[in-house]
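Enquirer: Sequence and predicted structure, then a few things I'm wondering about:
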Amino acid sequence: MTLRRDEWIVLEDLGDQPEGAWMTGTRPLEKRYRAATAVRDIAERGLCDLAPDDVLDGLTTGGDRPDWAARITALGRTVLTYRALQDNPTPAVEPAPVPTGYKVRGTDIDILRSALAAAEAGTLAGIDAPALRRALAGAVPVAGSRQHTLTTGKDGLAAVIAVLHLESLVRDSSGYNYLLRQLPPAS
């Protein structure tokens, strides 16, 4: 069972005390948390030790005996350290990001190759042939399917979109729509 907010507050206060020092509590309870109950609850979990009566008598100041006294245990310090690590994890060394690619169907690769041949021959105006060639050079087949992953820059992606847009106007728009669904939304 995870600690309640008031238990965390008490544990943090105990952790702020010097090693082996007792933190005391007297009535009325502090308004920000129910200290006596929280201390008892975290003591049951082994996160702090409660002072016995003879220690409470020794902590009497000005005739007022504290209602309770507690000090953090090694487990309590470990829990605080672990929580701090979870709240501020050490950044992991990550490998360089793998370039993301766009999936195209196998039939679209055939269409793109035909369009590249026509663009390089000068019979298909408006298509950036060098950019389309670079995009197709980076096409990697996806294992177990007829799809390919294109890893390309903006110019190559624009050339691929232009060809698939032409295909969508003439015959089949599914390849064009499939690619458009992978693009991030325009902002």
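Expert: Sure, I can see it.
Enquirer: which other helices and strands contact the top helix by length along the chain?
Expert: Identified as the longest helix of the chain according to DSSP state H is helix 154-170. Where contact means 3 or more Cβ pairs under 8 Å, 6 or more residues apart in numbering; DSSP states H and E, helix 154-170 is packed against strand 102-104, helix 106-120, helix 129-137, strand 148-150, helix 174-182. Using the backbone N, CA and C atoms, a C-beta is placed for each residue, glycine as well.
Enquirer: next one: the last one to chain centre, how far?
Expert: Taking the mean of its C-alpha atoms, helix 174-182 sits 28 Å from the chain's own mean (Cα atoms, centre = their mean, to the nearest Å).
Enquirer: Now it: buried residues?
Expert: 175-176, 178-179 (16 or more other Cβ atoms under 10 Å).
Enquirer: same check, this time on the second one
Expert: Buried residues in helix 106-120, defined by neighbour count with 16+ other Cβ under 10 Å: 108-109, 111-112, 115-116, 119.
Enquirer: ok and that helix relative to helix 154-170, angle-wise?
Expert: 100 degrees (axes from the mean of the first three to the mean of the last three Cα atoms, to 10 degrees).
Enquirer: Helix 106-120: how far from the chain's middle?
Expert: For helix 106-120, the distance to the chain centre is 40 Å (Cα atoms, centre = their mean).
Enquirer: Which neighbouring elements make contact with that helix?
Expert: Looks like helix 106-120 contacts helix 129-137, helix 154-170, helix 174-182 (3+ Cβ pairs under 8 Å, 6+ apart).
Enquirer: quick one, which of the ones you listed is nearest to Pro66?
Expert: helix 174-182 (65.8 Å; Cβ to Cβ).
Enquirer: hang on, the earlier thing: now render the helices and strands packed on helix 154-170 as JSON lines, adding distance to Gly62 and mean pLDDT.
Expert: Listed next are the helices and strands packed on helix 154-170 as JSON lines, based on distance: least, Cβ to Cβ, whole Å; pLDDT from 0 to 100:
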{"stretch": "strand 102-104", "distance to Gly62": "76", "mean pLDDT": "90"}
{"stretch": "helix 106-120", "distance to Gly62": "85", "mean pLDDT": "91"}
{"stretch": "helix 129-137", "distance to Gly62": "82", "mean pLDDT": "93"}
{"stretch": "strand 148-150", "distance to Gly62": "77", "mean pLDDT": "91"}
{"stretch": "helix 174-182", "distance to Gly62": "74", "mean pLDDT": "90"}
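Enquirer: Since that was my last question, I'll sign off now.
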